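Enquirer: sequence first, then the predicted structure, then my questions.
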Amino acid sequence: MRDPAGLPGYPRLFQALLVLTWTFHIAFVLVTLGAASLAIYSFSKRETNPDWQRLSIALTKVTKVGVSMLIVLGVAPLLFVQVIYDPEWYTANILSARWAVIFIFALIVGYCLWYAFYYANHEGAKRRARWFAIGALTLFCLDGLVMHVFSYQSILPSRWMDWYAPYGVVDTSGSALHAIQWSRFIFIMSLSAPAVGVFLLSYVEYFKIRPDYERSYLDFVRRLGRRFASYGFVLSLIPFMIWQFTNQSGLGLETNPIGWLLALAIILAGTASFRLQAAGNGCLPAGAGVLVLMLLAIWREVIRVHYLGSVGYTVADYRINLDWPSTLLFLLTFVGVGGTVGGFYITLLYRSGRVRGLYEAERSVASLGTAAVAVLVLWIAVFFAFGLVIWLRHSLVS
Amino acid sequence: MSIIGLYPTFYMPEIGTAWLIGIIGTIHVLASHTSVGAAFLFALLETKAYWDHKPELLVFVKKWGMFLLVFSYVIGSITGPGIWYSITIGSPRGVDGLIHNFVWVWAAEWVYFTVEVIGVYALVYLLGKIDARTHLKLAWSFACASWATMLLIVGILSFMMWPGNERWYLTGSTADAFYNVNFFAHLGVRTGLMLVLAALVGLIITSRIDDGSLREYTTRFLAPVGLCGGLFGVMMFLYYLQTLPNNAAVMLSAHLLPIYGRDMIAVFTLTTIYLATAWWKPRLIVSTVAVGMFLFVGLFGVWPEERMRESMRKPFVAGQYIYGNQIIARDVPGKGIHSEVETIAQEGLLKVHPFIPERLRTIKEQNRLEVGQLLTKIACANCHALEPGAPLRALPDKLFRATDEDLIAAFLRGPLRHGTQPYMPRIDLPEEELSAIAHYIAAVNNGEDVDRVIAAQRMEATSTVGK
């Protein structure tokens, strides 16, 4: 069922890109879900302390931006999984096709509801505004569940025919979610608590030089962040341990070192969140959190490789049809455009956010801006020049 | 026995997956084209504000930016991957083929897409918070990055129509597929459309501005841009028509233009009158009209355009080598791809399809209707609804609700088996599979409750085995 065109690059490269880009995606998923939950909680506590109100408004904005980012960062792993795991991914989707449709519309409705909450969440907001947020969060969680199901169904090929044609009767409705591994789903969702904790610690670190961010408010946020990060990591170990022992037996996953390395990283991240922040270094927990997520991404891939290996599927033997020009297009775009233009935007957002009032770009940032425009103009010029040559060659040939 | 890489079938009654893809695609085109066009108009307006010392223009830019953020980046960014999901469940081998030809192009587009999403937040929220020159660089880089996403996706979309010559089939090179004969014309149409849509959305914002002179100024700025975009788009569309393959030209003249032609001319004329009025008398543009006009163009302009583009490709979904029913239609030596039509003709779909239950692999009297239904879904339902009167090219209607099995089988054995209709795939099946399909279609046209009959036959077969 693999695409007969083969791969225009090495399968291990796509596999590495899949793991790497999923790490970025899940980081934003977890921070967003954690921020959304805490924004709702803070909203309900806003009358007890003005810090809760301020935090709720801030986290509402974080969620708004976070959803955009998790969507865009989700595109890359979605692309790479289709490249090397196309038979598994497509089958898993078709078997629950209606849920793929529901996924899209739930995300649109959920995001619109969150925007409604964003516009409603200000001083003196009515209590009923929280229902927008609760509705949005519920739909986001539903989307998370649907994605989990697609991933899990895709590694169980021996069950596909039972789901598609139970007792030999074909069901083309795609209306059921066939397989859920609750321990895995709950574990990954539970990481949203430490994720928002780690985010809050970085938030404090970032804004501590701004005079309009009072010490008392930042202390309040720091305490909350520490609690969420340290306890969150520790508590997430419970569903993780259940997941460890509910994987398919006979694959040796219980004794695989990557899984236990992940457990160790979770413990270390929890400890780092608790202890290092006490010493005043707010960015280290974020680093530890990223390490946990990278290991999680690798562990997911190890599990997939073992499950599919048991039925004889390996990405290593995917037929290769190398295509260097398009590979070069990606690499140059990634480095040139991603590095320069993306770098310019992120630098601007970062630097201007740390200044109260108007930010005047330093010389280096201004030069980066000029370079960003120049790189894009050059990219478009090369795109057209190269295209014109190919297109003329086609016209002359035909 | 050969097994070919077909997937399970998802069937959506009445509208099929084609309409689902079309609905999501139309919403996406409206949102994404608006955002790309608006990015340029943003940059232009901001440049004017800077050079002509008109800071009040930035108020409009900010308002427009917020609208853009909510409309284009909430709806557009979700419906983009949404199209992928809908194609995945409706046409898995089609999207698989595209991905394996263009994965690096899509990955490059993803880089732009990421940059664009970060950029739109920076653009809107840093307006007035950073120095003007730096913001101008931000605005122009954002406009270029937005257009680059369009440049990259149009090559893939136009390859879906056809490569335009034999070269790609021989080389398998992504560049040969991407810069196909259709590419520049298609890019021109979409570039024109993006300016029209951006102008229409811009007029919604201007119509809500209280300051009369600012409203007049911005309206007079947007209207001619929309008019020029529309004119350019139409010219490129006429060129685009010259770059189509034969099957698309036949489909267009025989089926599509008679339905959509007059509507599209009406949309163009009304939009032109509307934009000219806005240019001439800006104060006549009120919000309800502006919103109505945008929805009108979406419903009666973009929706038929997307439907036509999808329909014209038939019987193919990608590069004139993958049929709508997911079967590989021809050899592509450059990629080592082999046609599957002949294998299916020799062995039959029931033998080569991996997702056929064992009890249905052999046709018997008791399962002929059930097999016929399944085969019809596999071979036809990507383009045709199976219910009489359904909106998606209802198969019973296309066969004039014929109840004569022989008559239906004659069509299957003739034009369909030999692939003589340019917009239909060549479906060459063994005799018993053909007659099972004919049997099923005749039963549907006869008004039988097919699902109930199948269930009864299945029960009967089970009880016979039990005895």
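Expert: Nice, I can see it. All figures in this text were calculated on a predicted structure; none of them were measured in a lab.

Enquirer: report the distance from stretch B:320-338 to the chain centre.
Expert: 20 Å (CA atoms, centre = their mean, to the nearest Å).

Enquirer: quick check: mean pLDDT of that stretch?
Expert: Looking at stretch B:320-338 alone, the average pLDDT works out to 96.

Enquirer: list the buried residues in that stretch.
Expert: Within stretch B:320-338, the residues scored as buried using 16 or more other CB atoms under 10 Å in any protein chain shown are B:320-330, B:332, B:334-335, B:337. All C-beta spots, glycine's among them, are computed from the backbone N, C-alpha and C.

Enquirer: and which of these is nearest residue A:194?
Expert: Nearest to residue A:194 among the buried residues of stretch B:320-338 is residue B:326, at 44.0 Å by CB to CB.

Enquirer: residue contacts, that closest one?
Expert: Residues in contact with residue B:326, defined by CB atoms under 8 Å, 6 or more residues apart in numbering or on different chains, are B:6, B:7, B:91, B:92, B:93, B:94, B:382.

Enquirer: just those: which are in helices?
Expert: B:92, B:93, B:94 (DSSP state H).

Enquirer: ok, the first one touching residue B:7?
Expert: Yes. Here residue B:92 reaches residue B:7: they are 4.6 Å apart, a contact under CB atoms under 8 Å.

Enquirer: any common contacting residues for the two?
Expert: Shared contacts of residue B:92 and residue B:7 (CB under 8 Å, 6+ apart): A:90, A:94, B:326.

Enquirer: got JSON lines for the residues you listed, with distance to residue B:219 and secondary structure too?
Expert: Listed next are the shared contacts of residue B:92 and residue B:7 as JSON lines, based on distance: CB to CB, whole Å; DSSP: H, G, I helix; E, B strand; the rest coil:
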{"residue": "A:90", "distance to residue B:219": "48", "secondary structure": "helix"}
{"residue": "A:94", "distance to residue B:219": "49", "secondary structure": "helix"}
{"residue": "B:326", "distance to residue B:219": "49", "secondary structure": "coil"}
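
Enquirer: going by distance to residue A:142, which of the residues you listed wins?
Expert: Distances from residue A:142 to the shared contacts of residue B:92 and residue B:7, taken by CB to CB, are shortest for residue A:94, at 19.6 Å.

Enquirer: surely the closest one touches residue B:87?
Expert: No. Taking contacts as CB under 8 Å, residue A:94 lies outside contact range of residue B:87: 11.4 Å.

Enquirer: neighbour-wise, which of those two wins?
Expert: Of the pair residue A:94 and residue B:87, residue A:94 is the one with more neighbours under other CB atoms under 10 Å in any protein chain shown, namely 23 against 20.

Enquirer: and the more buried one, what does it touch?
Expert: A:174, B:7, B:8, B:9, B:10, B:88, B:89, B:92.

Enquirer: just the helices in the stretch 251-398 of chain A please.
Expert: A:257-278, A:284-309, A:324-332, A:343-353, A:363-397 (DSSP state H, counting those that start in this stretch).

Enquirer: hang on, the earlier thing: and the buried residues of stretch B:320-338, which two are the farthest apart?
Expert: Checking these with CB to CB, the most distant pair is B:325 and B:334, at 23.5 Å.

Enquirer: can you show me the CA trace of the lowest-mean-pLDDT helix or strand in chain B as CSV?
Expert: One helix or strand of chain B scores below all others by mean pLDDT, DSSP states H and E: helix B:57-70, with a mean of 82. Output in CSV follows, covering the C-alpha atoms of helix B:57-70 (Å, rounded to 0.1, in the frame of the first residue of the first chain):
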residue,chain,number,x,y,z
LEU,B,57,-4.0,55.2,7.7
LEU,B,58,-2.4,53.0,10.4
VAL,B,59,-5.7,53.0,12.3
PHE,B,60,-7.3,51.3,9.3
VAL,B,61,-4.4,48.9,8.9
LYS,B,62,-4.7,47.9,12.5
LYS,B,63,-8.4,47.3,12.2
TRP,B,64,-8.0,45.3,9.1
GLY,B,65,-5.1,43.4,10.7
MET,B,66,-7.3,42.2,13.6
PHE,B,67,-10.0,41.1,11.2
LEU,B,68,-7.4,39.3,9.1
LEU,B,69,-6.0,37.6,12.1
VAL,B,70,-9.4,36.3,13.2
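
Enquirer: same for that helix, what does it pack against?
Expert: helix B:16-51, helix B:92-125, helix B:183-206, helix B:212-242 (3 or more CB pairs under 8 Å, 6 or more residues apart in numbering or on different chains; DSSP states H and E).

Enquirer: try 7 Å
Expert: helix B:16-51, helix B:92-125, helix B:183-206 (3 or more CB pairs under 7 Å, 6 or more residues apart in numbering or on different chains; DSSP states H and E).

Enquirer: for the ones you listed, which one sits closest to chain A?
Expert: Of all the helices and strands packed on helix B:57-70, it is helix B:92-125 that lies closest to chain A, at 3.8 Å by CB to the nearest CB.

Enquirer: so how far is that closest one from its chain's centroid?
Expert: 17 Å.

Enquirer: ok, it near chain A or not?
Expert: Yes. Against chain A, helix B:92-125 shows contacts by CB under 7 Å from any CB of the partner chain at B:92, B:96-97, B:99-101, B:103-108, B:110-115, B:117-119, B:121-122.

Enquirer: relative orientation of that helix and helix B:16-51 in degrees?
Expert: Angle, helix B:92-125 to helix B:16-51, by axes from the mean of the first three to the mean of the last three CA atoms, to 10 degrees: 20 degrees.

Enquirer: what sits against the residue nearest to residue B:101 when sequence neighbours are not counted?
Expert: Nearest-residue entry for residue B:101: residue B:177, 5.5 Å, with adjacent residues in sequence omitted and distances by CB to CB, 6 or more residues apart in numbering or on different chains. Each residue near residue B:177 by CB atoms under 7 Å, 6 or more residues apart in numbering or on different chains is listed here: B:101, B:159, B:163, B:168, B:319.

Enquirer: in these, which has the lowest confidence score?
Expert: Among the contacts of residue B:177, residue B:163 has the weakest pLDDT, 91.

Enquirer: where does that one sit: helix, strand or coil?
Expert: What DSSP: H, G, I helix; E, B strand; the rest coil gives for residue B:163 is coil.

Enquirer: fine by me, we can end here.
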